[in-house]
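> No sequence on hand, only this structure:
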């Protein structure tokens, strides 16, 4: 008995160490907090399972601990009582119902934390009670493998420690067993664990990591779109910016979390970008506006805004009605000339002509703005013959930091080597960023540059993964190295259109926030260009000869309305399935045939692994069934014996006319390992059936016989 307790204590300790090594990076990745509470809970669960192995006694304590840890995380401001339990149960059932019914697109905090706490309990029970070491530690190692792939964490010691705990647990379990596991099965178990460890340690250092990250972008992008990462950020330490328009763009970089809050709705016929402002000064880390005027034009009712550099006639005229729902003080505008009118009762409008930004004097009092919009003519054929000129302004739109790495202008020269005109140079750089396989669009994989790194340089030559802030900033900087005047513009992509009774209403959300590029053309002013993959700006000049082969795809609208970008908090919506599919198809080595081969190979590997696991643990399923019977059944003998008999007949056939006592005698004569237990159990079963004797005191005999049958099947 003492030796058994020592053995269970060692297994409990190794399990707790493994859970700790899993919990720490889990908390670090998702910023969930409550680290001490989760570790204390894991320790208490292991202690209960070691010192109170009988489920009838330990289960109430485990359930109590489960509720206590959830109470510490969700106290509701009340004591631990029936009232708290009632409220928790109601909230939990409501959360589950909302997820099942699709009322929410993300996992609520209550459901997520409950899942985590339950997962800890599950991973403790498997190795301590059922001795499922391979399955348990394989799951833990697989999880840590995903952590190091997608988060650039160094978990070498965590993985090594868990591997050691898994092997040590399996070896301890074998000490008192009469029958040793077959050599081939041990080789398969150890080989699988070693492969997982080696992959987790060395895979991030190889080119395979980039392919795995790239191919899984669509999955993580969809998680972001349904609000999973936003939920994690809201209930933990903030780890990334959230999509939406922000005033502060001084420090760019890092991942973005989608925010689907509706900002405004616009009734209009023509689809277009919504411009808010532009910024002129690039610091190497982000963007600053150096030209904001202190004297604004103001008007209590109406004013007109236009690019004063535009000298061409306007084309069509359209009326737009904007209804503000959740909004700041800025007014988003289309490109061209806009005459704005506010509803009665508002204090009016002000405009900063230096950046062409319009603000509401009293945002809280304005719910609607009407715009009479004159559309500009940005025909590309008219721009092709224009020469490079600087705008008539004191602002330096070719400014670059003195610390800009030399390889950036060298790259710009290389990209535009075959371009003769200004328009060709601009579109060459735009196409390089937008259409080449060098770069990949992702909000979830974007990284922060180091303190001594230039934001654009890090994106162009190192990570080459990012969202619209990365692409637009890079295009502006590349153009400026060629002395082409360019500036960084920000606002919103068109939004989601809905047609009702002949009226088109565009709904614009935080996740539609976006940034792009404006380039100066003499006589036409500041013209928008779009270097971000999967985005198509309707105002961007397009050659008529290229109209049929334009970059627009059938999923263009979906991509734009589901992507956004932020700088420090300004944002971009991700390119959903269209972007991910484009990235996958652009892989130089990942052909359709190779993808199909990899997919089929993966299916075969998974199938073989599942079959191997079922084969290894085929004897456990029978023992679990018997364990449940002798633990919980009031009549264990009558329920267990037919199942025991069925298992023995798979090893030794029973003749139709053979009685149970005769069969038991023949079985034990051929397999002495039963030591009379099956004969004794058969006699008790017949005595109960024919004599009506009381069914009591056979729990240990049933358990012992089941163990012998499992060993007998293993020998076969």
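The structure has been received and is ready for your questions. Everything quoted here is computed from the prediction, not taken from an experiment.
> what ranges of the stretch 451-600 of the chain fall below the confidence cut-off?
Applying pLDDT under 70 to the stretch 451-600 of the chain flags the ranges 544-600.
> Give me the distance from the lengthiest helix in the chain to the chain's centre.
The single longest helix within the chain, with elements called by DSSP state H, is helix 2-30. Mean-position distance between helix 2-30 and its chain equals 27 Å (Cα atoms, centre = their mean, to the nearest Å).
> Quick check: which helices or strands does it pack against?
helix 35-51, helix 109-128, helix 133-151, helix 156-174 (3 or more Cβ pairs under 8 Å, 6 or more residues apart in numbering; DSSP states H and E). All C-beta atoms are positioned from the backbone trio N, CA, C, and that covers glycine.
> gap between the second one and the chain center?
Its chain's C-alpha centre and that of helix 109-128 lie 20 Å apart, by Cα atoms, centre = their mean.
> could you give the angle of that helix to helix 156-174?
With axes from the mean of the first three to the mean of the last three Cα atoms, to 10 degrees applied, the angle from helix 109-128 to helix 156-174 works out at 40 degrees.
> Tell me which other helices or strands helix 109-128 touches.
helix 2-30, helix 35-51, helix 55-73, helix 82-101, helix 133-151, helix 228-234.
> Residue 269 against residue 502, yeah?
No - counting by Cβ atoms under 8 Å, residue 269 does not reach residue 502; the two are 9.8 Å apart.
> ok, those two, which is more surrounded?
residue 269 (11 against 6; other Cβ atoms under 10 Å).
> The more buried one - that's part of a helix, no?
No - assessed with DSSP: H, G, I helix; E, B strand; the rest coil, residue 269 is coil; it does not lie in a helix.
> Read off the pLDDT value for residue 11.
We have a pLDDT of 85 for residue 11.
> Could you do the one 10 residues further on as well?
Taken from the predicted model, the pLDDT recorded for residue 21 is 85.
> Just give the closest residue to residue 303, not the sequence neighbours.
Leaving aside its sequence neighbours, residue 303 sits nearest to residue 349 (Cβ to Cβ, 6 or more residues apart in numbering; 5.5 Å).
> Can you read off the pLDDT for that neighbour?
Residue-level pLDDT assigned to residue 349 equals 83.
> in the sheet, who's paired with it?
residue 299, residue 360 (DSSP bridges).
> Isn't it up against residue 359?
Yes - using Cβ under 8 Å, residue 349 and residue 359 qualify as a contacting pair, with a distance of 7.2 Å.
> Please identify which of these two sits among more neighbours.
Between residue 349 and residue 359, counting by other Cβ under 10 Å, residue 349 is the more crowded of the two (24 against 17).
> Please name the residues that touch that one.
Counting by Cβ atoms under 8 Å, 6 or more residues apart in numbering, residue 349 makes contact with 298-299, 302-303, 331, 340, 342, 358-361.
> Can you tell me which of these comes closest to residue 289?
residue 359 (13.5 Å; Cβ to Cβ).
> can you give me the strands in the stretch 401-550 of the chain?
Listed in chain order, the strands found in the stretch 401-550 of the chain under DSSP state E, counting those that start in this stretch are 440-441, 465-466, 486-492, 496-500, 503-509, 513-521, 525-529.
> Mind putting the ones you listed into JSON lines with distance to residue 125?
As requested, the strands of the stretch 401-550 of the chain are exported to JSON lines (distance: least, Cβ to Cβ, whole Å):
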{"stretch": "strand 440-441", "distance to residue 125": "42"}
{"stretch": "strand 465-466", "distance to residue 125": "40"}
{"stretch": "strand 486-492", "distance to residue 125": "51"}
{"stretch": "strand 496-500", "distance to residue 125": "47"}
{"stretch": "strand 503-509", "distance to residue 125": "44"}
{"stretch": "strand 513-521", "distance to residue 125": "46"}
{"stretch": "strand 525-529", "distance to residue 125": "59"}
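> And those strands: which comes nearest residue 447?
So among these, strand 465-466 is nearest, using Cβ to Cβ, at 7.4 Å.
> Give the partner strands of the closest one in its sheet and their orientations.
Here, using DSSP bridges, strand 465-466 pairs with strand 440-441 (parallel).
> And the average pLDDT for the strand it pairs with is what?
84.
> ok, now stretch 311-320?
For stretch 311-320, the mean confidence score works out to 91.
> Same list (the strands of the stretch 401-550 of the chain) but as JSON lines, adding mean neighbour count and distance to residue 22.
Shown next, in JSON lines, are these (neighbours: other Cβ atoms under 10 Å; distance: least, Cβ to Cβ, whole Å):
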{"stretch": "strand 440-441", "mean neighbour count": "26", "distance to residue 22": "30"}
{"stretch": "strand 465-466", "mean neighbour count": "26", "distance to residue 22": "28"}
{"stretch": "strand 486-492", "mean neighbour count": "25", "distance to residue 22": "41"}
{"stretch": "strand 496-500", "mean neighbour count": "12", "distance to residue 22": "40"}
{"stretch": "strand 503-509", "mean neighbour count": "19", "distance to residue 22": "36"}
{"stretch": "strand 513-521", "mean neighbour count": "27", "distance to residue 22": "36"}
{"stretch": "strand 525-529", "mean neighbour count": "22", "distance to residue 22": "47"}
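> Any idea which of the helices and strands packed on helix 2-30 has the lowest pLDDT on average?
helix 133-151 (a mean of 75).
> pLDDT below threshold where in the stretch 201-350 of the chain?
Checking the stretch 201-350 of the chain against pLDDT under 70 turns up 201-245, 292-295, 327, 344-346.
> again, only this time at 90
The stretch 201-350 of the chain contains residues with pLDDT under 90 at 201-264, 277, 288-309, 311, 315-316, 323-331, 340-350.
> What segments of it are helices?
208-215, 217-225, 228-234 (DSSP state H, counting those that start in this stretch).
> Grab the nearest non-local neighbour of residue 490.
residue 515 (4.4 Å).
> Overlap of the contact sets of residue 349 and residue 359?
residue 331.
> Which parts of the stretch 351-500 of the chain are helices?
380-383, 407-415, 422-435, 455-458, 468-481.
> highest average neighbour count across those?
helix 468-481 (a mean of 27; mean count of other Cβ atoms under 10 Å).
> Would you mind getting the angle between that one and strand 525-529?
Using the same axes, to 10 degrees, helix 468-481 lies at 130 degrees relative to strand 525-529.
> what angle separates helix 468-481 from strand 486-492?
Using the same axes, to 10 degrees: helix 468-481 against strand 486-492 is 160 degrees.
> which helices and strands does helix 468-481 pack with?
Using 3+ Cβ pairs under 8 Å, 6+ apart: helix 468-481 touches strand 281-282, helix 407-415, helix 422-435, helix 455-458, strand 486-492, strand 513-521.
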